[in-house]
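Undergrad: would you be able to build a 3D model of this:
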Amino acid sequence: MAYPTLRLCKGGIQVVLRGREYTNSLGMEFVRIEPGRFAMGADARPLTMQVADNKHRLNGDFDEHPRHRVTITKPFYMSAFEVTNQRYEQFDPAHRTLRGKLGFSKEDDEAVVYVSWREAVAFCRWLSEREGLSYRLPTEAEWEYACRAGGSDAFYTGEQLPQSFYKNARESWYPDPSRSTDEEIVPLHVGKTEPNRWGLYDMHGNVEEWCLDWYGPYIESDQADPIGYVDGDFRTTRGGSHSTEIYYLRSANRMAALPDDSSWLIGFRVVMGDMPKTKPLPLPRPQPHQLEVRQGKPPDLETGPDPNQAYFSGPKPFVKVPPGSYGPMYSEHNHAPSIVECPNGDLLAVWFSCMRERGRELTLLASRLRCGNDEWDPACPFWDAPDRNMTGSVLWRDADTLYQFGGISAAATWGNMIIYMRTSHDSGASWSKAEIIVPDHANGQVMPINLVFRAQDGSVVLPCDDGSVTGTKLYTSSDNCKTWVGSKGHIEGIHAGVVQLRDGRLLAFGRRKGGDPRPMPQSISDDMGATWKVSESPFDPVSGGQRPVLMRLRGGPLLFISFAKKMSMTDISGTQRTVSGLFGALSYDEGLTWPVRRLISDDGPGRWVDGGAWTGRFIMSHTFAEPRGYLAATQAVNGLVHLVSSRNHYVFHQKWLETPPPEAQGDDLA
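TA: Predicted structure coming up:
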């Protein structure tokens, strides 16, 4: 067969390549990919592979739509195999120290892993200079075109992927020793499964492969040589990896990661060919929570209800996801919120949304309660690392800057997250690119949790779950969030609320392992988290679907919000009654005693309320309050406390907590 001429520049001289195959000086083998057209995106017919929620996986993920026609106008050469340790380490010999990290990729001919996007690009630049030819990462369109090799099935092998491609094909918890074993360490040798029709190996499920593009939504139009967006947060990866469900290995499936991230799941292959001359797409339109965001501070922002008169409002839903949503918002499960008052007086809430908490589809949504409005805006996407678990997000305000902290898993599950930080200087209308502040996908590193606070010495303290010990550790920054150090000690229990006492000590309440009947543990540290002394608190323990809040009110006392199984409360007439559910408690002596305890309820006759997430429907009355929920709270500059559970928003101030509830009226439906 006579191949059309491909001209590349080598040392200022045009080099003509006509062959089907090419081998460079490193011994890297390339195959020629001819121009052509294909339908990029999800297949139009139902998929048949089995996944945990197969009933929803009929036509691929939301970001694989709309399916659109793409033309590749020029030939290029693509490496037949993923870049191996042997090849990569000729560029970066120091990488050899990462061989075998967590057990993966020890040998010369295994796919290199623990390579960030920036490092993969640097390898291509080095290879170009060495060889005098144009090497680069493939565009996302080139990758899918080459993977499909003229086909339109879910995989280049057809509608099913042969067992020979399966490498720990599951929703893996590795390296968590309590939920995985060393049997999940699989070899990553290249070229051990059958190639596609164009001679490319391992395009499904060995390691994910970095692509050139910034990740972004597809557009509904025919395109030629697309190169993605002009900017973004994440760089696209393709092909899926070991330790991943087969569904995510399809030709159309899209993943992405922060360009500085690296793990045992991601490697790359290269192409040889000049960059397409196509212009990148402009940035996508901002999400609704970023639009029409008023700047400046309203003159009456600090004016609220009379602080000497009890005030309570709620519950009112802040999670408003349309029923039947399946990406990029999910109506099935919305949970673990955070809330902050913006400098312009708006309230911003962020939470995760998914079908399954451990799934790769988990993403972050947001809603805004605009200053002066009574109703929250409908939910909309906030931020999403595509096909990475993102359990947990924290919002914090420091002066006029908003901070968002969160975790991104290497894959599914939440046991090995990096922790990132973003900032906004315009009340959340725009956000900075994410900075990775805790970079290693280490075992047990889980979600950041509320509340972040600035300590008396000026340092910033970020509590985070540590699944390796079923506790909470602190990350502290003494240089205004530039660098972070993890504490040596651990708070007893996950999801801990932490506050600094006036004498400088730290007080924390956490959640022990489920089913532990002992009272909630109380942890105190006099060395900023290096060591903790644990005792029993006066409060009931919390368990699955429950997370408490501990904070200091501007009026001075400590506020603790949690859940009681049974609690005695005296109403305004002096009558005692037993109540259960969501309550608030105040301490005026730095946590030694908690004389004020108040059921967080509208104290009305019994009625049914939707609690969402793990809570479901519950009775609210003078006796019962919300029984579950992951809680978050902030105090506005007008003194009001804004409390959110998994679905509902409550508003009250200190005087309301201190005011005994009215006498019981009506039926509580018990």
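Undergrad: can you list the low-confidence ranges for the protein?
TA: Where the chain drops to pLDDT under 70, the residues are 1-18, 43-58, 666-670.
Undergrad: now do the helices in it.
TA: Ranges of helices in the chain, per DSSP state H, are 85-91, 117-131, 140-148, 654-658.
Undergrad: what sits against residue 69?
TA: Contacts for residue 69 (C-beta atoms under 8 Å, 6 or more residues apart in numbering) come out as 37, 38, 39, 40, 222, 223. Every C-beta, even on glycine, is put in place using the N, C-alpha and C of the backbone.
Undergrad: again with residue 108
TA: 84, 85, 86.
Undergrad: any idea how far residue 332 is from it?
TA: Distance of residue 108 to residue 332, computed by C-beta to C-beta, to the nearest Å: 45 Å.
Undergrad: again, but for residue 541
TA: For residue 541 relative to residue 332 (C-beta to C-beta), the value is 28 Å.
Undergrad: neighbour-wise, which of these two wins?
TA: residue 541 (24 against 16; other C-beta atoms under 10 Å).
Undergrad: run through the residues that contact that one.
TA: Neighbours of residue 541 in contact, by C-beta under 8 Å, 6+ apart: 511, 512, 516, 517, 518, 519, 520.
Undergrad: could you redo the last one with a cut-off of 6 Å?
TA: residue 520 (C-beta atoms under 6 Å, 6 or more residues apart in numbering).
Undergrad: and if you look at residue 451?
TA: Residues near residue 451 by C-beta under 6 Å, 6+ apart: residue 551.
Undergrad: now do the contacts for residue 234.
TA: With C-beta under 6 Å, 6+ apart, residue 234 has these contacts: 215, 256, 257.
Undergrad: of the residues you listed, closest to residue 282?
TA: Proximity of the contacts of residue 234 to residue 282 was ranked by C-beta to C-beta; the top entry is residue 215 with 14.8 Å.
Undergrad: for the closest one, give me its contacts.
TA: Contacts for residue 215 (C-beta under 6 Å, 6+ apart) come out as 232, 234, 236, 256.
Undergrad: dump the helices of the chain to CSV, plus distance to residue 572.
TA: As requested, the helices of the chain are arranged in CSV below (distance: least, C-beta to C-beta, whole Å):
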stretch, distance to residue 572
helix 85-91, 73
helix 117-131, 62
helix 140-148, 65
helix 654-658, 12
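Undergrad: between those helices, which one is nearest to residue 262?
TA: helix 117-131 (7.4 Å).
Undergrad: for that closest one, packing partners?
TA: Where contact means 3 or more C-beta pairs under 6 Å, 6 or more residues apart in numbering; DSSP states H and E, helix 117-131 is packed against strand 135-136.
Undergrad: direction included, what does the strand it packs on pair against?
TA: Applying DSSP bridges to the sheet, strand 135-136 is found paired with strand 271-272 (antiparallel).
Undergrad: check the offset of the partner strand from the chain's centre.
TA: Centroid displacement of strand 271-272 relative to its chain, using C-alpha atoms, centre = their mean, to the nearest Å, is 32 Å.
Undergrad: same question for stretch 527-539.
TA: Remark: stretch 527-539 is offset 29 Å from the chain centroid, using C-alpha atoms, centre = their mean.
Undergrad: cool, and stretch 99-112?
TA: The answer for stretch 99-112 is 27 Å, by C-alpha atoms, centre = their mean.
Undergrad: now residue 370: how far from residue 287?
TA: 15 Å.
Undergrad: more neighbours, the two?
TA: residue 370 (19 against 14).
Undergrad: what's the burial count for residue 614?
TA: Using other C-beta under 10 Å: residue 614 sits among 16 other residues.
Undergrad: apart from its chain neighbours, what residue comes closest to it?
TA: Nearest residue to residue 614, sequence neighbours excluded (C-beta to C-beta, 6 or more residues apart in numbering): residue 545, at 3.3 Å.
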